[in-house]
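Novice: sequence and predicted structure, then a few things I'm wondering about:
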Protein chains: 2
Amino acid sequence: MPDAEDARRYHHGDLRRVLLEAAVASIRESGPAALSLRELARRAGVSHAAPAHHFRDKRGLLTAVATEGFERLAATLRAAYEATNSFAEVGVAYVRFAVEERPFFDVMFRPELYDPDDPGIAAARLASGAMLYGPAATVSDHPLEAGVAAWSLMHGLATLGLAGNLPPALGGDLEAVARAVAGHLFQAPRQGEAVARPPNEKNKKKR
Amino acid sequence: MPDAEDARRYHHGDLRRVLLEAAVASIRESGPAALSLRELARRAGVSHAAPAHHFRDKRGLLTAVATEGFERLAATLRAAYEATNSFAEVGVAYVRFAVEERPFFDVMFRPELYDPDDPGIAAARLASGAMLYGPAATVSDHPLEAGVAAWSLMHGLATLGLAGNLPPALGGDLEAVARAVAGHLFQAPRQGEAVARPPNEKNKKKR
DNA sequence: TGTCGATCTATCCAGTGCCAAGATAGTAGG
DNA sequence: CCTACTATCTTGGCACTGGATAGATCGACA
């Protein structure tokens, strides 16, 4: 009995997969707003109406992208927590995900781009949520609030950084900044040294 | 002073202002992606090519929106700091701005929508930045890092909240959540015993 | 009064998403 | 084998968009 995915290859091969990958590539290059179904079809060498058969419409395509994104994020966070057992490192992994898997990240948190009520998305989303709020219980007796705080911090850092809104003095390594900034949560940094700084940071402000 | 009936005159009078306000209204209703120059022109009762004369193109219009947004944000933050002298309250004001002036907020931090190198924007942006990093010096001896941390926290909270990504258990009052969450940065502010929680928060002792 | 620049209009073009109808290719059943 | 059947894909069309160009109109000023 043929695999469910394999059943998809009739004429083209695996159009659905190809389109998805092309979509991610296009988003990586020019963002979700510039995505064009017809352009994707051209890249894949099919007619402009072919994609509509696999994804109902543009929303459908982006819904698929977001779903895969949430699945990948959940896996990434889980792996980070299991490897380090550190709540802070989960946050760092979140930022790294945003940078490396930017096309997914750019779609996932803009529900107006896709269908947030899609059943597939709800599940994937929940899995991510669990990895965000679960470890929070280890650092605070208000896990919900602590989770939201940590999530907000890392999410804000990632979005500001990706959009180029952070001061250049921080250096380009978002992950390092994330690690430094994470130290400010739930405990005041020991004044003095304590917090890691970008290595080439030269301008000590002396304040 | 021009009468409302005069909107049909050949020379509209203050088309630029009218278009800007219509744009903000449209973004408030359906987001920046759905904004249509032609729709704006229709609302203003002019031809679809008229807007191009005041704003070069769509980017130009959104650049103007972002500029006004940064100016408003700077004023808001400054007012908050002067009124309370509290770094945390600046953060709360940031979140309130995001909620109340959402159309601006939705454009300001998406540089791909406008022209980030516009000279007008650079100035307005700088003014906002000063209000973000200045007060940070009062709570940490690493003002840049502290500023980024606080900014990230509040920005993340605002974007997650606006996009509907926060757990419903927090209640709908983003400003209250902001105040609660701010307590997790740099130690809780001295005035608070414990962290302020949304007033109707019922689930005490959940675990 | 006549000129001139700023403002607005009338057309046109390329591109988009989506829809409907038809063509094609694999699969299953007689 | 050959005929339905269905998923896949193509063709063509519609309404809309942003942008460019050329012309019309207005207001101000010499």
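Specialist: Thanks, I have it. Model, not experiment: these values are computed from the prediction.
Novice: anything in the longest helix along chain A near DNA strand D?
Specialist: Using DSSP state H, we find that the single longest helix of chain A is helix A:58-84. No - Helix A:58-84 stays out of contact with DNA strand D when judged by Cβ under 7 Å from any atom of the strand, the minimum separation being 13.1 Å. C-beta coordinates here come from the backbone N, C-alpha and C atoms, glycine included.
Novice: for chain A, which segments count as helices?
Specialist: A:15-30, A:37-44, A:51-54, A:58-84, A:87-100, A:102-108, A:119-133, A:143-162, A:174-182.
Novice: just put those in TSV and tack on mean pLDDT.
Specialist: Shown next, in TSV, are those (pLDDT from 0 to 100):
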stretch	mean pLDDT
helix A:15-30	96
helix A:37-44	96
helix A:51-54	94
helix A:58-84	97
helix A:87-100	96
helix A:102-108	98
helix A:119-133	92
helix A:143-162	95
helix A:174-182	94
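Novice: how far away is the closest residue to residue A:39 other than its chain neighbours from DNA strand C?
Specialist: Leaving aside its sequence neighbours, residue A:39 sits nearest to residue A:26 (Cβ to Cβ, 6 or more residues apart in numbering or on different chains; 6.9 Å). Separation of residue A:26 from DNA strand C (Cβ to the nearest atom of the strand, to the nearest Å) stands at 10 Å.
Novice: distance of residue A:26 from DNA strand D?
Specialist: 18 Å.
Novice: residue A:134 too?
Specialist: 38 Å.
Novice: so who does that residue touch?
Specialist: residue A:81 (Cβ atoms under 8 Å, 6 or more residues apart in numbering or on different chains).
Novice: and it, how far is that from chain B?
Specialist: Going from residue A:134 to chain B by Cβ to the nearest Cβ, to the nearest Å gives 12 Å.
Novice: and if you look at residue A:147?
Specialist: From residue A:147 to chain B the distance is 8 Å (Cβ to the nearest Cβ).
Novice: quick check: closest non-adjacent residue to that residue.
Specialist: residue A:136 (3.6 Å).
Novice: quick one: residues contacting the one you found.
Specialist: Counted by Cβ under 8 Å, 6+ apart, residue A:136 has contacts A:87, A:143, A:144, A:146, A:147, A:150.
Novice: could you measure from the residue nearest to residue A:31 when sequence neighbours are not counted over to residue A:32?
Specialist: Nearest residue to residue A:31, sequence neighbours excluded (Cβ to Cβ, 6+ apart): residue B:112, at 5.4 Å. According to Cβ to Cβ, to the nearest Å, residue B:112 stands 10 Å off from residue A:32.
Novice: looking at these two, which one has more neighbours?
Specialist: Summary of the neighbour comparison: residue B:112 and residue A:32, criterion other Cβ atoms under 10 Å in any protein chain shown, with residue A:32 having more neighbours (20 against 15).
Novice: for that one, grab phi and psi.
Specialist: Backbone geometry at residue A:32, expressed as degrees, to the nearest 10, gives phi -70, psi -30.
Novice: same question for residue A:48.
Specialist: Torsion angles, degrees, to the nearest 10, at residue A:48: phi -70, psi -10.
Novice: tally up the residues packed near the residue of chain A found nearest DNA strand C, please.
Specialist: Across chain A, the shortest distance to DNA strand C (Cβ to the nearest atom of the strand) belongs to residue A:57, at 3.2 Å. By the criterion of other Cβ under 10 Å, residue A:57 has 12 neighbours.
Novice: which pLDDT does the model give it?
Specialist: Turning to residue A:57, the model gives it a pLDDT of 96.
Novice: repeat for residue A:36
Specialist: 97.
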